[in-house]
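Participant: Dropping a prediction and its sequence here:
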Amino acid sequence: MHVPDYMLCVVGIDLVFLSPYASARMPALLLTSFIWALSFGLLGNCLSGLPASFVALARMAGSFAVFLPFVRKAPLSHAVGMMGIGAVQFGGMYLFYIAAFHYLPSHQVALFTATTPIYVVLIDGLMKKNLPPLHLAAAILAAMGGAGILWKGYPSGNGELTGIVLVQLSNLCFAAGQIAYISLKNSWFGRSEASCFAYAYAGALLVTLPSGLPSGLACWQGISTVQWWLLAYLGVIASGVCFFLWNYGARRVTPVKLAIMNNLKIPLAAMTSLLLFREHSNMFLLSIGYLLILASFLIVPISLKNDA
């Protein structure tokens with residue numbers, strides 16, 4: 001009996017979501033993963049002709065604008081600390097990530113982001129001077145699952161090593177920012193976590209401004225109305241709201257589960273590509289990828305659910 005491709009995708013996602021190891025504290029991370037999965041197709045089909053540095057600046061400007069009303073006075077050390085986290089996790093991540101597209105095709109860039117869970121676990125282990133083998137194994141399985149879903153072969157070409165290094169630097173920035181954020185004490189956030197995030201977006205905006213502003217001034221007249229609306233959506237929702245939800249959820253799950261969740265957007269993106277964009281996929285690799293990501297949840301002891 002033939003099973004439709006979309007049914008395999010839905011079953012794979014349900015297995016992860018309904019697993020008893022998928023904590024009830026994960027809704028923010030799950031919602032964010034869904035939105036980011038949709039953003040891959042929008043970026044690739046509608047904004048590929050715009051300068052990458054300007055797209056990064058526009059997204060960070062939109063993010064900062066939507067959180068500006070929440071700004072509250074904070075101790076100088078807290079404000080500078082949050083700006084530093086934002087500069088690394090969002091600003092630095094975007095600059096390295098977008099630069100990689102000059103050396104690698106988009107599916108290869110997505111493929112090499114699959115190592116992010118390993119960096120999350122490694123950085124957390126180094127900070128705590130404790131790296132449980134099961135945590136590292138779960139992160140590696142999640143990385144293998146994400147890579148398996150996206151693998152389309154790796155053609156040799158000029159500059160591929162540079163592209164790989166840039167993606168890994170992007171992954172490191174995003175992982176380091178997450179771990180730094182979840183390590184902050186509750187006293188840092190005062191009455192408003194949103195206020196702290198406004199400072200983080202200010203730091204990211206300062207990082208993307210030097211390269212994004214000149215390229216934006218050179219191209220803004222050629223940007224269509226649809227592209228402006230799309231930039232607004234990506235800045236306000238996919239970046240602004242979603243990065244906040246992601247870090248909000250990250251503080252409420254264990255670091256190893258956070259590591260695994262970093263790759264959940266990959267099978268979700270594959271599912272949306274099949275259902276919405278009618279793209280084709282290697283269902284064997286897709287199924288293997290789902291199983292590996294599910295296994296990464298299952299090998300973590302269930303007692304960790306209450307450790308966050």
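Facilitator: Sure, I can see it.

Participant: all helices of the stretch 101-250 of the chain, in order?
Facilitator: Taking DSSP state H, counting those that start in this stretch, the helices of the stretch 101-250 of the chain run over residues 106-112, 116-128, 133-150, 160-182, 193-219, 225-233, 242-250.

Participant: Mind putting those helices into a markdown table with distance to residue 94 and mean neighbour count?
Facilitator: For glycine as for every other residue, the C-beta is placed from the backbone atoms N, C-alpha and C. Shown next, in a markdown table, are the helices of the stretch 101-250 of the chain (distance: least, C-beta to C-beta, whole Å; neighbours: other C-beta atoms under 10 Å):
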| stretch | distance to residue 94 | mean neighbour count |
| --- | --- | --- |
| helix 106-112 | 13 | 19 |
| helix 116-128 | 14 | 21 |
| helix 133-150 | 20 | 23 |
| helix 160-182 | 8 | 20 |
| helix 193-219 | 6 | 20 |
| helix 225-233 | 14 | 15 |
| helix 242-250 | 11 | 22 |
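
Participant: Nearest to residue 69 among those would be which one?
Facilitator: helix 193-219 (8.4 Å; C-beta to C-beta).

Participant: what is the mean pLDDT for that closest one?
Facilitator: pLDDT averaged over helix 193-219 equals 91, rounded to a whole number.

Participant: any weak-confidence spans in the stretch 1-150 of the chain?
Facilitator: Residues of the stretch 1-150 of the chain meeting the criterion pLDDT under 70: 1-26, 40-41, 43-45, 48, 105-108, 110-111, 131-132, 134-136, 138-139, 141-150.

Participant: Please disregard the earlier target; I meant the stretch 201-308 of the chain.
Facilitator: When the per-residue scores of the stretch 201-308 of the chain are filtered using pLDDT under 70, the ranges that remain are 266-308.

Participant: so which of the helices of the stretch 101-250 of the chain comes closest to residue 89?
Facilitator: Nearest of the helices of the stretch 101-250 of the chain (C-beta to C-beta): helix 160-182, 2.1 Å.

Participant: can you list the residues that contact that closest one?
Facilitator: Helix 160-182 is contacted by residues 85-86, 88-90, 92-94, 96-97, 99-100, 102-104, 108-109, 112-113, 115-116, 119-120, 123-124, 127, 154, 246-247, 250-251, 255, 258, 262 when judged by C-beta atoms under 8 Å, 6 or more residues apart in numbering.

Participant: Convert it to PDB, retaining C-alpha atoms only.
Facilitator: What follows is helix 160-182, C-alpha atoms only, in PDB (Å, rounded to 0.1, in the frame of the first residue of the first chain):
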ATOM      1  CA  GLU A 160      33.200  25.600  -0.200                       C
ATOM      2  CA  LEU A 161      35.500  25.400   2.800                       C
ATOM      3  CA  THR A 162      35.100  29.100   3.400                       C
ATOM      4  CA  GLY A 163      31.300  28.600   3.200                       C
ATOM      5  CA  ILE A 164      31.400  25.800   5.700                       C
ATOM      6  CA  VAL A 165      33.500  27.800   8.200                       C
ATOM      7  CA  LEU A 166      31.100  30.700   7.900                       C
ATOM      8  CA  VAL A 167      28.100  28.500   8.700                       C
ATOM      9  CA  GLN A 168      29.900  27.000  11.700                       C
ATOM     10  CA  LEU A 169      30.800  30.400  13.000                       C
ATOM     11  CA  SER A 170      27.100  31.300  12.600                       C
ATOM     12  CA  ASN A 171      26.100  28.200  14.500                       C
ATOM     13  CA  LEU A 172      28.600  29.000  17.300                       C
ATOM     14  CA  CYS A 173      27.200  32.500  17.600                       C
ATOM     15  CA  PHE A 174      23.600  31.300  17.900                       C
ATOM     16  CA  ALA A 175      24.500  28.500  20.300                       C
ATOM     17  CA  ALA A 176      26.600  30.700  22.500                       C
ATOM     18  CA  GLY A 177      23.900  33.400  22.700                       C
ATOM     19  CA  GLN A 178      21.300  30.900  23.700                       C
ATOM     20  CA  ILE A 179      23.500  29.400  26.500                       C
ATOM     21  CA  ALA A 180      24.500  32.800  27.700                       C
ATOM     22  CA  TYR A 181      20.900  33.900  27.900                       C
ATOM     23  CA  ILE A 182      19.600  30.800  29.800                       C
END
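
Participant: and the angle for that helix with helix 116-128?
Facilitator: Following axes from the mean of the first three to the mean of the last three C-alpha atoms, to 10 degrees, one obtains 50 degrees for the angle between helix 160-182 and helix 116-128.
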